[in-house]
Every structure is written in C-alpha cells, then in structure tokens.
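In: sharing a sequence plus its predicted fold:
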Amino acid sequence: MDLGVFIQILVWGIYAGCIYILLAIGLNLIFGVMKVVNFAHGELLMLGAYATFWIYTFSGLNPYLVIPLAMIILAIVGVFIERLCFRPIMGTGKLNEIFLSLGLIYLFQNLAAVFWTTDSRSIHSPYSDVSITLGSINLPVDYIIIIVITAICLIALQLFMKKATLGRAMRATSQNREAATLMGINVERMDMLSFALGAAFAATAGSLCLITGQMVNPYVGSIPAIEAFAVVIIGGLGSIPGAIIAGLTLGIAENIVPLFMQYSVGLLGLEMSFSAWKDTIAFIILIIVLVIRPTGIFGEKEE
Amino acid sequence: MKLNRLNIKTGIDIVTLILAFLLPLILEVNQYLLTVLILMLVFTMYSSAWNLLATSGQGSLGHAAFFGIGGYVSAIISNSFGLPVIVTIVIGGFFAAVIGVLIGLTCVRLKAWFLAMVTFGFAIIVQTVTVELSGLTGGWDGIPAKKLVPVTITNHVMYEYYIILLIAVVVIVIIYLIMKSKMGLALEAIRENELEAKVMGINVTVYKLKAFAASAFFTGIAGALEIHHFGYVTPEVYGIDISFWPIIYSVSGGLYTIGGPILGTVVITAIWEVLRSFGMTYGRFILIGLILILIVIFLPKGLISIPEKIRSIFLKN
C-alpha cells in the first residue's frame, strides 16, 4: 500500500472522527446531566446544517462565520425540546425516552421535508479548491480547518467545565443530582444548559458536514447519529475522553478497514470491494466491544 | 362487578373476532382494503412479539432483522426445496429464533440504551450481509417468493386473509398464554428490577434469552407471512421503518399488555390509511410522530388505558 494513500485516508478518518466526536460529546453531556439518551440527536445535526445553509444563502457570509449563529439557533431549539418533551418524562420508566426520540425523529425529518423539500442541498466552501501539498500527499484546507474547529470546541468545553462556575455546577449535577440540589444548584437549569450545549455541538457537526461539500437533506442526520451512538457506547456513556478516543478510532477504522480488506483479498488474487461495509464496521466493532466489556471501554462499572 | 367486567371484555374480544371473520365478506372485492387488513394482521403479530420482548425490559430497535430473516429463509427454502409454504414459514420462524438467541447472548448483559443500539446495528449488519450474499438472496433486487395461496385460485387474497387471520389468532393466544404464565411474571419482575428478580431466584439470563427466542420466532413468522403475501422479498424488509412500526403500535396501544399492540396496530393503521386517502405524504409521518410523543408524555399506558382513565375520573366525582 502506498504511504501517501494511507496518510490521505488517515486524514479522511480524522475528519469523519471529528463529526462523530462533536455529536458524541453532545450526547454525553446530555446523558451526564439528565441520564437520558436523545436518540433524535442526528436530527439536530440536520437542523444545524439547514440553519447554516439558509443563513449562508440569504446573507452570503463566509460559511465558517455562520456556524456560531447556527449554534445559537440550535441551542434554542435544544432548550425547547428539553422543556417540552424530555422534562415531562424524566424518571417515568426506562424505555420512554427511546420512544419519545422516535417520535421526534419522525417529526423533525418530515417537518424538514415539508418546509424545505427532500432536495439535496449543498454549498461551496470558499476554500474548496485550496489544498496543501506535502510531497505526494494532498490535504484540502477545509479538512484542516474542521480539525482545528473541533479542537477549539473541545478545548473551550474543557475550560468551561473546569473553570466556569456554571460548568462546575453542571459537572456537580452529573455527579450527584441530589447533592447538587442541596448545594443550591438549579438542576433543571443545568438540564436546559446541557441540552443547549449538546444541540449546539450537533449544529457545528452539521454545518461542518455541509461546508465540506456533503449534500444535506432531511434524512442526512441518521447515519452520523448512528455512528455517534456507537462512539458513545464504545467510549463509555458519559465519558468525554472516551468519546474523543473512540470517535477518532472509529473514523479511521471505517476508512481503513475496507481498504485493508480489499488489499488482503487482493493478495489472494480476488477483486472485491468492501465499501458497502463502511457503515456496518461501526456496529461490528460495537458488538465486539460490548461482548468483552458490557459498559464500554471507558464506562464505569455499574451496580 | 369483576365478573361483569370480565364478561364485557370477552364479549368485546368475541365481537372483534366475528367482525374480523365477516369483514372481507362485507367489503367483498375491494382488494386494496383486503391487503391493508392482511398487513394489519401481520403487524398485530409482529407488534405483539416485539411487546413480548419489551415486557422483559428489552426494547429492541432492530426487530426488522428477525422479520427479514424469517422472510428470506422461508422464501429461499420454499424456492429451492419445493416445501409447502406453511412449513417453510415455521422454518423461517425457527431460524429467526436461533439468530435471536445468538444476538440475545450479547444483549442480556446490556443496559436499555446499549441494547437498543446493538439491536439497531444488528439490523443494519444483517441487511449488509444479505445484500452481499447476492448469489443466494439476489442482492438489492431481492428474490421472488411463492404466494401463500396460488394466484390461479379465484379470490386468493381472501383465502390468504383467512389463513393469516387464523395464524394471527393462534400466535396471539400463544403470546397471551406466555404472558400469563410463570414466564410472563418472571419477565415483568426482570423489567421492574433486575437485581430484585435475581434475588428472588429468577434465572434472569435464561428468561431473557427465552423472551428473545419467542419474540424472534413470532416476528420471523410474521415476516415470512408478509413476503409470501407480496410474492417477493427485497433487503428493504430490514428497513428502519419496519423496525420502528411495532414500537409505534405497541407504545400507542399500550405497552406490556396483550390488547395494546393489537389496538395500537388497528388504530394507527386506520389513521394512516385515512391520511393516505387525503393525499398526505410527509404530513402522515409528522402526525404519527406527534401522536407518539403525546402518548408517551400524557398517556404512558397507551390507548387501552383510556376506559380506565375515564372510569377513575367518574369515580372521583
């Protein structure tokens, strides 16, 4: 295998991993504070991508500058979802949030289809034809910007959680809800904050997908969300470092494993393509991990 | 009082059954409506089977895997060995049950969300594998399947309806017996509190696996019936929608009950078909999504609990 191709695929993998990490961290924040899993997280990604698309189309701003606006819009959407849907069912039975999320998935996908049709939409990044060449390796600038933006988001989150009073209150809530209430923390406000942050991260992921030239339609959120769940589970529910490691691993594995399989089958003199297996690999890894460790690699032991 | 209520209930059951038998005669030749009714019956079986697994606290998001496996196995066996369709349907169910136990072995140790994701992913894996085994399964194009009743017979759709009705009644009675038996109690105990169930001497692993096997078996039979009704099977039987329908039906009808999934299937299918006749496409899904959300929040025991709610309101006054 050519080293140049290998590095190119590695960068592809890191790019895919960044999207998964942004989604997975949102899921982990929400789970940490509220102990519910929002299965409709992919739909927030879709809404975020649409928000960026429409703001960009009407204002003509640099799409990267639109991302913060999309984040704010989705944060508001997130607060509404939390208040109207998830708060009433908190503590009412284990499976209810799964059923509720299914309803939300149907609702958002089809509302988007009604308002914005199912046409695939895309925008052109202003840097789409700029790339950095290192020897035989060709790296699009957009990918590097995305990796940088993800890193900035992660560092900002880390600082917020460690230094800011609000962030520390959030951590306290996720560690022990009752004790946090006794310390005078408004835990319901923390629920809203976690949902707002989670939705904002999903909006970032969606906008980044859109800017790098992916088509956006009402159903675009499903696949990345599914992969993000795999990341969350492999990394351990609620663990942010786990999500980062698992996200990068999964992004890279997804892109390298099919190539590797094709290459090894090629050694036997067979021509086979494994690109259809790309989405399946996440789940094969997921099941293997859960067979070995039912709480994920970084998950805490329960009970 | 109690006897009275029981009588009313059995009365409703019997009237429903008689109606189900007479319906095709009343509607006579309307083939479209008959097909809708057949699918309704298939999905009552499917939802009841999903609900059986949910009773043990295991909410599967990938039951389409078993639905499709039952269908594919039955189609392939009946095509290549020439066995009668009724036999291959049962074989399809058994095959689905075996796969169910295998995936169940991973799932028994998992928490609710993890289980949901593993089953969801499992359906996607099964779909990929099915497409890749194109020599056997015809890839994305799928394969033809024998009709349940040969098309050469006049009124074959009506005969199909009666056969499927009979099977549905048998399946639902069996599920009823399971839910009322010691096993049903054990499953409920596991759902309420797994640790306490273990302390009470319930073998949690064995019961969860049994639930998986039974649920996958009936789901496989439902899947096989559907594809033998349509006459072909494609990898679309593994679709996400197919996994979600039984959940929508069971939740809106009433979880962990016998009548719930049946009522849910009938009501939601009826709403669905009425909306279709208005020419709504996305609107239907929006409405179904809204119904699901509202029921989860305001009516967590489902539509079947409405009489009870009304009664409690009257008793209060």
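Out: Thanks, I have it. Numbers count the residues shown, from 1 in each chain, chains lettered A, B, ... in the order given.
In: burial measure for the one residue in the stretch 201-303 of chain A that gets nearest to chain B, as a count.
Out: Chain B sits closest to A:F283 of the stretch 201-303 of chain A, with a gap of 3.1 Å, by CB to the nearest CB. No exception for glycine: its C-beta is placed from N, CA and C like everyone else's. Residues lying near A:F283 (other CB atoms under 10 Å in any protein chain shown) number 23.
In: quick check: closest non-adjacent residue to it.
Out: Ranked by CB to CB, 6 or more residues apart in numbering or on different chains and with sequence neighbours excluded, the top spatial neighbour of A:F283 is B:G121, at 3.1 Å.
In: give the contact list for the one you found.
Out: Residues counted as contacts of B:G121 (CB atoms under 8 Å, 6 or more residues apart in numbering or on different chains) are A:226, A:230, A:282-283, A:286-287, B:62.
In: any stretches of the chain with poor pLDDT?
Out: Here I'm looking at chain A. A:1, A:271-273, A:299-303 (pLDDT under 70).
In: wrong one, I was asking about chain B
Out: Using pLDDT under 70, chain B drops low at B:1-8, B:11, B:24-29, B:317.
In: and the residue nearest the centre of it?
Out: B:Y46 (1.2 Å; CA atoms, centre = their mean).
In: measure that residue to A:N176 for me?
Out: Distance, B:Y46 to A:N176, using CB to CB, to the nearest Å: 42 Å.
In: circling back to that earlier point, pull out the buried residues from whichever strand or helix holds the residue nearest to the centre of chain B.
Out: B:Y46 belongs to helix B:31-55 when assigned by DSSP states H and E. For helix B:31-55, burial by neighbour count (16 or more other CB atoms under 10 Å in any protein chain shown) applies to B:34, B:36-55.
In: pretty sure A:A203 contacts A:E43?
Out: No: counting by CB atoms under 8 Å, A:A203 stays clear of A:E43, with 11.4 Å between them.
In: quick one on the thing from earlier: and the helix holding B:Y46 with chain A, contact?
Out: Yes: residues of helix B:31-55 are located near chain A by CB under 8 Å from any CB of the partner chain, namely B:A54.
In: count of neighbours near the closest residue in space to A:G78 that isn't next to it in sequence?
Out: Sequence neighbours aside, A:A199 is the residue nearest to A:G78 in space, at 2.9 Å (criterion: CB to CB, 6+ apart). Other residues within reach of A:A199, judged by other CB under 10 Å, total 30.
In: spit out the contact partners of A:A199.
Out: Taking CB under 8 Å, 6+ apart, one finds A:26, A:44, A:48, A:74-75, A:77-78, A:81 in contact with A:A199.
In: which parts of the chain are helices?
Out: Just going to use chain A. Using DSSP state H, the helices assigned to chain A run over residues A:3-34, A:41-59, A:63-81, A:87-89, A:96-116, A:141-163, A:165-175, A:177-182, A:187-211, A:222-235, A:240-267, A:278-292.
In: sorry, I should have been clearer: chain B.
Out: B:2-27, B:31-55, B:64-81, B:85-107, B:112-132, B:134-137, B:156-180, B:182-192, B:194-199, B:204-230, B:240-253, B:259-277, B:282-298, B:306-316.
In: in the fourth one, which residues are buried?
Out: In terms of neighbour count (16+ other CB under 10 Å), helix B:85-107 has its buried residues at B:85, B:88-89, B:91-97, B:99-100, B:103-104, B:106-107.
In: of all those residues, which two lie farthest apart?
Out: B:V85 and B:T106 (32.2 Å; CB to CB).
In: for the closest residue to B:G70 other than its chain neighbours, give its distance to A:A200.
Out: Leaving out its chain neighbours, the residue that sits closest to B:G70 by CB to CB, 6+ apart is B:G220, at 2.6 Å. Separation of B:G220 from A:A200 (CB to CB): 43 Å.
In: A:I284 too?
Out: Computed as CB to CB, the A:I284 to A:A200 distance reads 32 Å.
In: just give me the neighbour total for B:Y232.
Out: 14.
In: cool, and the one 5 residues further on?
Out: Here the number of neighbours of B:V237 (other CB under 10 Å) works out to 24.
In: surely it meets B:G70?
Out: No: using CB under 8 Å, B:V237 makes no contact with B:G70, being 9.2 Å away.
In: got the phi and psi for A:G213?
Out: Taking degrees, to the nearest 10, you get phi 100, psi 10 for the backbone angles of A:G213.
In: OK, contacts around A:Y143?
Out: A:11-12, A:14-15, A:212.
In: looking at the residues you listed, which one is closest to chain B?
Out: A:W12 (20.6 Å).
In: my guess is A:M215 meets A:D119, correct?
Out: No: with contact defined as CB under 8 Å, A:M215 and A:D119 do not form a contacting pair (9.2 Å).
In: quick one, what contacts residue 198?
Out: Using chain A. A:25-27, A:29-30, A:38, A:41, A:44, A:78.
In: please refer instead to chain B.
Out: Counted by CB under 8 Å, 6+ apart, B:K198 has contacts B:V204.
In: now it: how far from chain A?
Out: According to CB to the nearest CB, to the nearest Å, B:K198 stands 11 Å off from chain A.
In: flag every buried residue along stretch B:165-183.
Out: Of all the residues in stretch B:165-183, those buried under the rule 16+ other CB under 10 Å are B:165, B:167-168, B:171-172, B:175, B:178-179, B:183.
In: pipe those into CSV and attach distance to A:T92 per row.
Out: Below are those laid out as CSV (distance: CB to CB, whole Å):
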residue, distance to A:T92
B:L165, 36
B:I167, 36
B:A168, 32
B:V171, 30
B:I172, 28
B:I175, 25
B:I178, 26
B:M179, 22
B:M183, 26
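In: just those residues now: which is nearest B:S134?
Out: Out of these, the member with the shortest distance to B:S134 (by CB to CB) is B:I167, at 30.8 Å.
In: is it true that that closest one touches B:I221?
Out: Yes: using CB under 8 Å as the test, B:I167 is close enough to B:I221 to be in contact (7.1 Å).
In: if I look at those two, which residues touch both of them?
Out: In contact with both B:I167 and B:I221: B:M45, using CB under 8 Å, 6+ apart.
In: burial of the residue nearest to B:L299 when sequence neighbours are not counted, as a residue count?
Out: Leaving aside its chain neighbours, B:L299 sits nearest to B:S305 (6.6 Å; criterion: CB to CB, 6+ apart). By other CB under 10 Å, 16 other residues sit near B:S305.
In: for the closest residue to A:R177 other than its chain neighbours, give me its contacts.
Out: Spatially, and ignoring its direct neighbours in sequence, A:R177 is nearest to A:V187 (5.7 Å; CB to CB, 6+ apart). Taking CB under 8 Å, 6+ apart, we find A:V187 in contact with A:33, A:173, A:177, A:180-181.
In: so who does A:I7 touch?
Out: A:I137.
In: thanks again, I'm all set now.
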